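**Q** The following comprises the amino acid sequence and a computationally predicted model.
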Amino acid sequence: MDAVQKAGSGHPGTAMSLAPAAYLLYQHVMRHDPADPAWPGRDRFVLSCGHSSLTLYIQLYLSGYPDMTLADLEALRTWGSRTPGHPEFWHTPGVEATTGPLGQGIAMAVGMAMAARRERGLLDPDAAPGTSPFDHHVYAFCSDGDIEEGISHEASSLAAHQELGNLVVIYDDNNISIEDDTNIAKSEDVAARYEAYGWHVQRVSWRRPGGYTEDVAALYAALQAARDHQGAPSLISLRTIIGWPAPDKQNTGAAHGSALGADEVAKTKQILGFDPAVSFPVEDEAVAHARLVGERGKQAHARWNEQFAAWAAASPERKALFDRLSARDLPDGWADVLPAFEASEKGLATRSASGQVLNALAPVLPELWGGSADLAGSNDTTMKGEPSFIPAEHQTKMFPGSPYGRTLHFGIREFAMGAIMNGMTLHGLTRPYGGTFLIFSDYMRAAVRLAALMKQPATYVWTHDSIGLGEDGPTHQPVEHVWALRAIPGLDVVRPADANETAVAWRTILEHADRPAGLCLTRQAVPVFDRLVLAPAELTARGGYVLAEAQGGTPQVILIGTGSEVQIALAARDQLQAEGVATRVVSMPCVEWFAEQDAAYRDGVLPPAVRARVSVEAGIALGWRQFVGDLGESVSLEHFGASADYRKLYEEFGITAEAVAQAARASLARASGARA
């Protein structure tokens, strides 16, 4: 109450009513060591209802997490504090995930639970249940807001299908959101919904006919039962009163998202036995008692160390793998397996080249795993011969597998796929990828943004990246998507021009462990360029490079292309060179990587003195102005597509070599006028 009151904003109510549940979890249920928040053997906790950040911050303070002080709670939601308005991954020691956008925390917890199983399969697959140092649980708190978001359905359905017995979710069933009583918008039986998914469901109510009773013992029994139930994920529906025991604002929307007010805080303190005149009262005895969890955590950690040491001695090769994965290092010589594609005018779709890259990497990068949102054949995301990650009873004739498999099947759940991948990367040891059509990146954008915010190395395989997909028409043809994704800070958007650029792009993405990346890949075949004539594909790693130099070495005009349109730029260059116009072609597969290069390199690729420039990309031109300048031109698509053969679409929409050459002439004319 005091923290929100001092900040002038925040969410006190849920933190008040969930305080006993959170304290119980951190003191008596979760395995954690406050002295070592990154301990691999710890249980994980995700506060999906991130607006109630104090629910987590207070337990981190009481448990004695590094550098967490009462002053941090006093500094809630202020500049430079350890206690921002919503929990941010590792900004505060002990925060496992950035949460706040509702529903995503549930999905990230699902991803953590899936990753825990995959990691056990890599490191200790033969151990009996509950006996491996890699056995632990993932706990999450969620609210009505999380449950209402559609992603909760997507992720929870998949969690049940995957039989994630290591996942326990406490649903704070208090019937209050910002618009007060949730009956205005929600009336389903949430517990029954989860039973229908196949979750292990328990109901605990602190609302009783004789009055409200915070029955911690009943909740503890439910948590123990959930922890022991290994055949399915567990949901505990906990009926609470938000803002309890505030006398006037409990059970109201006012307690959900705003300060209670000085009078209400004072009244509540009196009920609890605190001096109303004292803000942030220091209860040394209570804090000292809570800090005893640190000693219990050290003892649990020591026992785990013994178990881990025994495992390491018995499995030295797997211990070496664990060390490499923990450091997010790549094995020596791993990139040597990457395919090199021979020049071909007929060419290859970059999605197909990506699939060949994944097949080559499978034997050398066991941490790499992934699949698709029900588009495996279209995305080319299935590593040949690799079993599916699936309980045995759910494997199919097409996709045999096991609980420790490698091929992921997210179902038609793009948003959940993105957030689940975030949970997998946050868990620490694996590198997941997930595929869908580029058009459906819209469905997963919020999760992509969180990956960028948390600097997590999820990889998105977005295929069918333009009108080049053809007959499926405008509903499936991305137009604005590439630049919309480039607008996300910290996301690398890579649109390779041919098969060899695709291979180098995958290599470069995997070398970055501090950011997400999206590969935008073609459905249609594109030529594999002759690298004996053109620049080496190795330069893809620099984001932009001179693919074809102007005759004589001094360009009059520069054509900048990406993806499937680079071939168009090359054809336009032929036309212009035949006219005596010295023309350079720049391939720009990744704007973000190009921006990371030093100014000398960037100016070498795009000399400031050469002001006649043209960009060509089969999407909106938004953003290309920074490269073509005020005298340049952009050949683009500023409207939706149509249903027809892709060659017809490029012709009808004017994304052709002739159009690029004409744009170059126009830019040259303006540049000549500017010089005059």
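**A** That came in fine, so what should we check first? Numbers count the residues shown, from 1 in each chain.
**Q** which regions of the stretch 301-450 of the chain sit below the pLDDT cut-off?
**A** Applying pLDDT under 70 to the stretch 301-450 of the chain flags no residue at all.
**Q** ranges for the strands of it?
**A** Under the criterion DSSP state E, counting those that start in this stretch, strands of the stretch 301-450 of the chain are mapped to 344-348, 368-372, 388-389, 401-402, 407-409, 431-437.
**Q** can you put the ones you listed in a markdown table and add distance to Ser63?
**A** Every residue, glycine included, has its C-beta placed from N, CA and C. Below are these laid out as a markdown table (distance: least, CB to CB, whole Å):
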| stretch | distance to Ser63 |
| --- | --- |
| strand 344-348 | 55 |
| strand 368-372 | 33 |
| strand 388-389 | 34 |
| strand 401-402 | 37 |
| strand 407-409 | 34 |
| strand 431-437 | 30 |
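**Q** pLDDT value on Gly673, please?
**A** pLDDT recorded at Gly673 is 87.
**Q** do Ala676 as well
**A** Predicted confidence (pLDDT) for Ala676: 68.
**Q** Repeat that for Val282.
**A** So, for Val282, pLDDT stands at 87.
**Q** do Ser63 as well
**A** 98.
**Q** The closest residue to it other than its chain neighbours and Ala310: what is the separation?
**A** Distances taken as CB to CB, 6 or more residues apart in numbering put Pro34 closest to Ser63, at 4.6 Å, once the chain neighbours are dropped. In this view, Pro34 and Ala310 are 25 Å apart by CB to CB, to the nearest Å.
**Q** Gln395 too?
**A** For Gln395 relative to Ala310 (CB to CB), the value is 33 Å.
**Q** Which one of these two is surrounded by more residues?
**A** Taking neighbours as other CB atoms under 10 Å, Gln395 and Ala310 compare with Gln395 leading, 15 against 11.
**Q** quick one: the strands in the stretch 101-250 of the chain?
**A** Using DSSP E, counting those that start in this stretch, strands in the stretch 101-250 of the chain cover 138-142, 167-173, 176-177, 180-181, 200-205, 207-208, 211-212, 234-239.
**Q** Including distance to Leu450, could the ones you listed go into a markdown table?
**A** Below are these laid out as a markdown table (distance: least, CB to CB, whole Å):
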| stretch | distance to Leu450 |
| --- | --- |
| strand 138-142 | 15 |
| strand 167-173 | 19 |
| strand 176-177 | 21 |
| strand 180-181 | 28 |
| strand 200-205 | 28 |
| strand 207-208 | 34 |
| strand 211-212 | 35 |
| strand 234-239 | 23 |
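**Q** TSV for those, including distance to Arg507, mean pLDDT and mean neighbour count?
**A** Listed next are the strands of the stretch 101-250 of the chain as TSV, based on distance: least, CB to CB, whole Å; pLDDT from 0 to 100; neighbours: other CB atoms under 10 Å:
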stretch	distance to Arg507	mean pLDDT	mean neighbour count
strand 138-142	32	98	27
strand 167-173	34	98	27
strand 176-177	46	96	23
strand 180-181	54	96	14
strand 200-205	43	98	18
strand 207-208	57	95	12
strand 211-212	59	96	12
strand 234-239	41	98	23
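**Q** Tell me which of the ones you listed lies nearest to Met444.
**A** strand 138-142 (19.8 Å; CB to CB).
**Q** Mind giving me the packing neighbours of the closest one?
**A** On a contact count with 3 or more CB pairs under 8 Å, 6 or more residues apart in numbering; DSSP states H and E, strand 138-142 meets strand 44-47, helix 104-123, strand 167-173.
**Q** Glu579: how many residues sit nearby?
**A** Glu579 has 10 nearby residues by other CB under 10 Å.
**Q** what's the pLDDT at it?
**A** 97.
**Q** From what I see, Val526 and Gln567 are in contact.
**A** Yes: in terms of CB atoms under 8 Å, Val526 counts as a neighbour of Gln567; the distance is 6.0 Å.
**Q** Comparing the two, which shows the higher neighbour count?
**A** Shown here are Val526 and Gln567; by other CB under 10 Å, Val526 has more neighbours (26 against 20).
**Q** just to revisit the earlier point, how much space between the residue nearest to Ser63 and Asp603?
**A** Applying CB to CB to Pro34 and Asp603 gives a distance of 51 Å.
**Q** Give me the more crowded residue out of these two.
**A** A count of neighbours by other CB under 10 Å puts Pro34 above the other of Pro34 and Asp603, at 24 against 12.
**Q** So which residues of the stretch 551-676 of the chain form helices?
**A** Remark: helices assigned in the stretch 551-676 of the chain by DSSP state H, counting those that start in this stretch are 566-578, 591-596, 599-605, 625-628, 646-652, 657-675.
**Q** Out of those helices, which is the most enclosed?
**A** Greatest average neighbour count among the helices of the stretch 551-676 of the chain goes to helix 566-578 (a mean of 21), per mean count of other CB atoms under 10 Å.
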